[in-house]
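[1] only geometry, no sequence info:
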């Protein structure tokens, strides 16, 4: 194609513009090459070679892979290295090296309405180019060690991207390049491309889980569902070093989850009916941490004294802003925090639970037009008193009213094609989600994953009702007549081959089926509130398991198990615990027996050990990848990089104007770092492009001159 994009001079120079985004369905090959040359030609940074007709253009897009290879082969001997891959994920200059992060292989883990493919990275590589003319004697051993550390950051299997649709926010995304930066993990690394308008060459990278599945309902109607988990980078880090809230109003282990269902239309240009439900999970959004006294046993929780809860209010205000976009109305928005912490006297978590409720009360006073509430549901105490099935029923009873009030987004989307071949969405919205449920335990791990799964099951079945999908499962061999009453059995006569029925209660047999008619069975299953809506919330897990398609519930359960292990691994270095209860949604013959008590105890000790030993290294690695406190790790950036690094950027979801508009009803209290010993990294980084390449001094500036927040250990 004739589209070319680039910018003059070394990386970080002036923008030359771009030729537009990719078209849905196309898969152009991309080539990236670094070449040598005199310093006079190159300046202080590398070039990415462009087309001969535009020598200063740095990227050329080709229609076919072979064409790209032929072009590269015909270039001069200045080509040093070449690499092929699926996408470029980032670009940065560190310690005298140009680093380009490439996704070499990906797996299409999700196909959204309109054919938009979500790719999960399965193989990545840091492409290293030495920066000519750089005095490497200025680079310390620690800086070179950090260079190797940042390139070892785990990408494979836990990061995904989409080149043709904004998946940074709930479906169908935002228009243009208005991405929700909270979940974009290459926000720092992608700036050189995005500042030049070259969004199509470096897609937004997300950390988390993205999987879809194609299924059929009981009538054979095809439908699909997609399950997203987007991890926030507002308070990134590991378990003991990124808990609670920080100065950036970000929460530790914060995740946005979405369940999207849709029915494909028939024929070109047909509408796809969809239903999307969003919920959140995260650490308790107040200033808190733990004191570790030994490897085994409960850690002692501390809560910041005299906290004004200003950051807690900012956090909830940001939630409202993210989910009440233009056109959604200006009415009240609700956030229900399903608090799964232990609330019994003498428990360490009680202190945290009380602080959480105090924080919510304070935040309610600071925020207008928002219904903010806490629902206390002590998961461990309920499981001990009611058993697993009783706990699930109790959860459904507790969130019954909230789910009915909040609802979910639904409507239809139609894929249209312009005269130039560009494909785009036209969508109409029928219902709007009016709030969000947020699940939390102390660290948003095991209890949170289980509770959020059972909190989603009623929504899934209600989404199916809205999409006219029937998930009521017919019993095999009953000729669609329904279920047999209790005490009856069906057998086949060996002589005639006909089916007969045995009444074990009255000790008799009959050729006539005593099964409840299917229509009556469906009516009982969907009795609920009299209209059939949200019927699961008034039922029990046994009734849901017997009535609903096992394949659909089983596939969703397996996804939650994988998602729980993935999020736990990223936060703690170990898999999730207490996942056996998820099997309650399956028939007993499909349960996998495990010594859950012993396994959980051993895993808890292993998790504590890994957190104490490895969290510091993993925390530094994550900060370097995200560009947080980057000058601390790479002091030579101060003089040898075409960017000025500043610690706090203007948050795209900023609440400064809203804070000024709302009456301040705040208590006096602390605003800065926490009183405890936990790491509370705050803020996020941006690259601020300078007019000219910054000329360095012999010694780097003091860290305090560059960074207005620190790291406590």
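    Nice, I can see it. Quantities reported herein were computed from a predicted structural model and do not represent experimental measurements.
[2] Quick check: phi and psi at the nearest residue to residue 579 once chain neighbours are set aside.
    Closest residue to residue 579 apart from its sequence neighbours, by Cβ to Cβ, 6 or more residues apart in numbering: residue 561 at 5.5 Å. C-beta: built from backbone N, CA, C; applies to glycine. With angles defined as degrees, to the nearest 10, residue 561 sits at phi -70, psi -40.
[3] what's near enough to touch residue 561?
    Residues near residue 561 by Cβ atoms under 8 Å, 6 or more residues apart in numbering: 576, 579, 582.
[4] Repeat that for residue 394.
    Taking Cβ under 8 Å, 6+ apart, one finds 377, 382, 386 in contact with residue 394.
[5] my read is it is in a helix, agree?
    Yes: checked against DSSP: H, G, I helix; E, B strand; the rest coil, residue 394 lies within a helix.
[6] Distance check, it against residue 379.
    10 Å (Cβ to Cβ, to the nearest Å).
[7] before we move on, the earlier item: separate out the buried members of the contacts of residue 394.
    Neighbour-count burial (16 or more other Cβ atoms under 10 Å) applied to the contacts of residue 394 gives 377, 382.
[8] Please list the members of the contacts of residue 394 that lie in helices.
    Taking DSSP state H as the definition of helices, the contacts of residue 394 contribute 382, 386.
[9] Now tabulate the contacts of residue 394 in TSV and tack on pLDDT.
    Output for the contacts of residue 394, formatted as TSV (pLDDT from 0 to 100):
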residue	pLDDT
377	96
382	95
386	94
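[10] Kindly reformat the contacts of residue 394 as CSV containing distance to residue 400.
    Below are the contacts of residue 394 laid out as CSV (distance: Cβ to Cβ, whole Å):
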residue, distance to residue 400
377, 12
382, 16
386, 16
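[11] Please enumerate the helices of the stretch 1-150 of the chain.
    Along the stretch 1-150 of the chain, the segments classed as helices by DSSP state H, counting those that start in this stretch run 39-42, 65-73, 141-150.
[12] related to what we said a few turns ago, for the contacts of residue 561, which single residue is the most surrounded?
    For the contacts of residue 561, the largest neighbour count, defined by other Cβ atoms under 10 Å, is 26 neighbours, found at residue 576.
[13] got a list of what that one touches?
    Residue 576 neighbours (Cβ under 8 Å, 6+ apart): 445-446, 449, 561, 564-565, 567-568.
[14] pLDDT wise, what is the residue nearest to residue 579 at?
    Residue 561 is assigned 93 on the pLDDT scale.
[15] Surely residue 207 is within a strand?
    Yes: counting by three-state DSSP, residue 207 is found in a strand.
[16] heads up, I number from 524, so please use that
    Yes, from this point I'll number from 524; that puts the last item at residue 730.
[17] what's around it, how many residues?
    Residue 730, neighbours per other Cβ under 10 Å, totals 25.
[18] pretty sure it contacts residue 681?
    Yes: using Cβ atoms under 8 Å as the test, residue 730 is close enough to residue 681 to be in contact (5.9 Å).
[19] Mutual contacts of the two, please.
    Jointly contacting residue 730 and residue 681 under the rule Cβ under 8 Å, 6+ apart are residue 1093.
[20] what's the closest non-adjacent residue to the most centrally placed residue in the chain?
    Residue closest to the average C-alpha location in the chain (Cα atoms, centre = their mean): residue 753, at 0.9 Å. Nearest non-adjacent residue to residue 753, counting by Cβ to Cβ, 6+ apart: residue 706, 4.1 Å away.
[21] ditto for residue 761
    residue 1138 (4.1 Å).
[22] Shouldn't the one you found be within a helix?
    Yes: assigned with three-state DSSP, residue 1138 falls within a helix.
[23] How much space separates it from residue 1086?
    From residue 1138 to residue 1086 the distance is 22 Å (Cβ to Cβ).
[24] Which one's more surrounded, these two?
    Neighbour comparison, residue 1138 and residue 1086: the larger count goes to residue 1086, with 23 against 20 (by other Cβ under 10 Å).
[25] name the element that one belongs to?
    helix 1073-1095 (DSSP states H and E).
[26] Residue 813: neighbouring residues, count only.
    21.
[27] what separates the nearest residue to it once chain neighbours are set aside from residue 876, distance-wise?
    Of all residues not flanking residue 813 in the chain, residue 822 sits nearest, at 3.9 Å (Cβ to Cβ, 6+ apart). Separation of residue 822 from residue 876 (Cβ to Cβ): 15 Å.
[28] got it, and residue 728?
    Between residue 728 and residue 876 the distance is 35 Å, computed by Cβ to Cβ.
[29] now residue 623
    47 Å.
[30] Residue 1061 now?
    Residue 1061 sits 28 Å away from residue 876 when distances are taken as Cβ to Cβ.
[31] Residue 974 against residue 902, yeah?
    Yes: shown here, residue 974 and residue 902 form a contact pair, counting by Cβ under 8 Å, at 6.3 Å.
[32] Quick check: neighbours shared by those two?
    Common neighbours of residue 974 and residue 902 (criterion: Cβ under 8 Å, 6+ apart): residue 863.
[33] per-residue pLDDT, residue 772?
    93.
[34] got the phi/psi numbers for the residue nearest to residue 753?
    Per-residue torsions, residue 706: phi -110, psi 0 (degrees, to the nearest 10).
[35] need the contact list for it.
    Residue 706 sits next to 691, 729-731, 753-756, 779 when contact means Cβ under 8 Å, 6+ apart.
[36] Check residue 836 too.
    885-886, 889-890, 1189.
[37] any idea how far the residue of the chain positioned farthest from its centre lies from residue 1146?
    Residue farthest from the centre of the chain, counting by Cα atoms, centre = their mean, is residue 1018 at 59.6 Å. Residue 1018 sits 77 Å away from residue 1146, going by Cβ to Cβ.
[38] re the thing from before, quick check, the residue nearest to the centre of the chain in a helix?
    No: under three-state DSSP, residue 753 sits outside any helix and is assigned strand.
[39] any idea which helix or strand carries the closest residue to residue 931 other than its chain neighbours?
    Using Cβ to Cβ, 6+ apart and skipping residues adjacent in sequence, the residue nearest residue 931 is residue 800, 3.9 Å away. Secondary structure assignment for residue 800, by DSSP H and E: strand 794-804.
[40] can you give me the helices for the stretch 1024-1173 of the chain?
    Remark: helices assigned in the stretch 1024-1173 of the chain by DSSP H, counting those that start in this stretch are 1041-1048, 1064-1070, 1073-1095, 1119-1149, 1153-1156, 1160-1163.
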